[in-house]
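Trainee: 3D model of this:
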Amino acid sequence: MSKDWAICIGINEYYNLQSLKYAVQDAASIRDFFLQEGEFEQVYYFAEGAPPIETPRGPMRSQPTFGNLLRFFDQRFSKEFLNDGDNFWFFFAGHGELHEGHDYLMPIDVDPNNLGRTALRVSDVTAYLRNSGADNTVMLLDACRSQGQRGTGLGMVEQPGIVTIYSCSPRKSSYEIEALGHGSFTHALLEGLALKGANNCATVERLDQYLRYRVPAINEQHGKPTQIPFTAVEPISKNHLILLPQRATLQDVLALKTDAQEAELENELELADRLWIRVLVASPGDRQAIAALKRIALKQARQTTSPAPKGIETAGSRSVEAPTSAPTQTPPPVQPDYRVERLASPAPSKPAVLTFEFELVTVNAQGQITQRDQRSAEYRREALGKSVTLDLIQIPGGKFTMGSPADEAQRSSDEGPQHEVTVPPFWLGKYAVTQAQYQAVMGKNPSRFTDNGANHPVETVSWDDAVEFCQRLSKQTGREYRLPSEAEWEYACRAGTKTPFYCGPTITTEIANYDGNYTYASAAKGQYRQHTTAVGSFPANAFGLYDMHGNLYEWCLDHWHDSYKGAPKDASAWLSSNDNAFRLLRGGSWYLSPRLCRSADRNRYARDITLNFIGFRVVCASSWALS
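Mentor: Modelled structure (predicted):
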């Protein structure tokens, strides 16, 4: 059974800074949640009037002065007391500032003119926390508060190996809400942590998404300036970290399993071991995890004379550096090298075939989930450089009926006539191209939603931009990349279904990102997030493709035609002699109604237009992928 420990600090009555109203209440509420709902084993609470802190060396004063806090850190973290699979949380509510390139948290007695000697440097705090022995550390910093004046704020300094959730964007302020008796960030945090069922915030990724949506809404409701929290996750694999195992869903566990499998395939055995332990924490007795841990132990035993992989690091762990010289002993069997990073005119190679598991959901006309199935899909991975990769899903060949029937609700005439299309097998991007992938290939990021993270899909790209991306990627890898044809896109989206959506007769904002003020069929209204969500945030279709409904419109290779009269029946792109013709878009977006997210819906825009609800995904058409 894993352990959860925490430190909660709240400061209202600063000696030398403007006082706050609700920081102490925020810290107390987080403490109570940790102890009562989270069932934490130990929570250390520092605030004005708090009881003494019990430590192995006896009681300590809980007044959050610089001296008391530093003494506590020195004594409590002098040696490890937690293990792999355990978590350590750190919550701070009060003033914070970026000063001379360092983030500082302000104790109650801070001297504003001498921060270096009287304030807590965040990097020093994280160094202490790593010494707990827990392999995951989560920092929750509501530390750039304002009474109406925007402060310097935190968040410009990375904290390697730590999951850090900031209450506002860098150099911005967070706000206290008198009507709530809390800071807006902490109020939303408590809401998110308390959610149960399908809408829970059990993972880092979903908690981040909830806070980004909820905090601005709270501030707007109460007449405060915009405040957008953000999460710094290092390494990026911690996005799937399960914060609250008792609230985790099967899909959360499957995502963590996929990360563990990929780490093992890449021979990152230390990381894989930690991730499989995380699976067991969320799913005790999981046979796949138990078998994997035994397998990894055997591999590690064989590698005792070989160098450890370089840079293995999880939240709260210490990195393991590989020796610079080659080992003198016979190395262990080499894992298949499926990475295909090249510099120029490469000779294409065949990467290893990988599989991943995912959850498939089916809904009824009211949008209620009526069935959950566990599926697996085959994929291959293309390395783009600087640890950025692109995953491709194998789409089997087959036949399908393209377009919508005449009786489909809210259809358009351009979705007919229905016709049968034969589709050869191909490989399609598991996700829409992300900002990180676009940056790796193109050297720039045109997206409007850059504050949301590099794992969000790239947007504000024209059809020409998408085509150029494919051309550059083809040159870099020696494989043919292109946009999907419209027929390939719809075939891949439907994944064998004939209903308006791949999940059934309707859709909800629990399954896709669209404007939830509008509905389809008998489903209820939902969220309108007003921005993109990280790729893979919602359930996949039967092929294992994510976000084919909503999030972003996706460019197709075809030119626009007003109907399917004369359309190809071999799934090839339907082009015209007019190179300035409108180009095809499919899938709907965060900005639009669910009607426009249907599998059969079609839209068109000029090839050079750039909007923040348009992106793309890619097809790999090279022979290596189809063999």
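
Trainee: center of the chain, which residue is that?
Mentor: residue 205 (4.3 Å; Cα atoms, centre = their mean).

Trainee: that one and residue 496, how far apart?
Mentor: 28 Å (Cβ to Cβ, to the nearest Å). Every C-beta, even on glycine, is put in place using the N, C-alpha and C of the backbone.

Trainee: likewise for residue 616?
Mentor: Taken as Cβ to Cβ, the span from residue 616 to residue 496 is 23 Å.

Trainee: just residue 32 next, same as before
Mentor: 49 Å.

Trainee: please enumerate the strands of the stretch 1-150 of the chain.
Mentor: 4-10, 42-46, 53-55, 58-60, 87-93, 96-99, 102-105, 120-121, 136-142, 145-146 (DSSP state E, counting those that start in this stretch).

Trainee: other SSEs contacting the third one?
Mentor: Here strand 53-55 touches strand 42-46, strand 58-60, helix 66-76, going by 3 or more Cβ pairs under 8 Å, 6 or more residues apart in numbering; DSSP states H and E.

Trainee: what comes up buried for it?
Mentor: Residues of strand 53-55 classed as buried by neighbour count (16 or more other Cβ atoms under 10 Å): residue 53.

Trainee: again, but for stretch 589-608
Mentor: Quick answer for stretch 589-608 (16+ other Cβ under 10 Å): 589-603, 605, 607.

Trainee: restricted to strands, list the residues you listed.
Mentor: 603, 605 (DSSP state E).

Trainee: over to residue 207. Which of the three states is it?
Mentor: At residue 207, secondary structure determined by DSSP: H, G, I helix; E, B strand; the rest coil is helix.

Trainee: in terms of pLDDT, where does it sit?
Mentor: Confidence at residue 207, expressed as pLDDT, is 87.

Trainee: in contact with it, which residues?
Mentor: Counting by Cβ atoms under 8 Å, 6 or more residues apart in numbering, residue 207 touches 165, 189, 192-193, 201, 231, 243.

Trainee: and those as a markdown table, adding distance to residue 61, pLDDT and secondary structure?
Mentor: Formatted as a markdown table, these follow (distance: Cβ to Cβ, whole Å; pLDDT from 0 to 100; DSSP: H, G, I helix; E, B strand; the rest coil):
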| residue | distance to residue 61 | pLDDT | secondary structure |
| --- | --- | --- | --- |
| 165 | 28 | 91 | strand |
| 189 | 27 | 94 | helix |
| 192 | 33 | 88 | helix |
| 193 | 29 | 89 | helix |
| 201 | 34 | 75 | coil |
| 231 | 33 | 83 | strand |
| 243 | 30 | 73 | coil |
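
Trainee: in these, find the pair that's most separated.
Mentor: Across those, the longest distance by Cβ to Cβ is 14.1 Å; it joins 193 and 231.

Trainee: shaky segments in the stretch 1-150 of the chain?
Mentor: Within the stretch 1-150 of the chain, the segments meeting pLDDT under 70 span 1, 145-150.

Trainee: what's the answer for the chain, then?
Mentor: Using pLDDT under 70, the chain drops low at 1, 145-161, 171, 197-199, 234-241, 244-253, 255-256, 274-285, 303-353, 622-627.

Trainee: 50 - rerun?
Mentor: 146-152, 156, 305-347, 625-627 (pLDDT under 50).

Trainee: domain assignment for it?
Mentor: 4-247, 250-302, 361-626 (automatic domain parsing).

Trainee: can you lay out those as JSON lines showing distance to residue 355?
Mentor: Below are the domains of the chain laid out as JSON lines (distance: least, Cβ to Cβ, whole Å):
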{"stretch": "domain 4-247", "distance to residue 355": "17"}
{"stretch": "domain 250-302", "distance to residue 355": "8"}
{"stretch": "domain 361-626", "distance to residue 355": "5"}
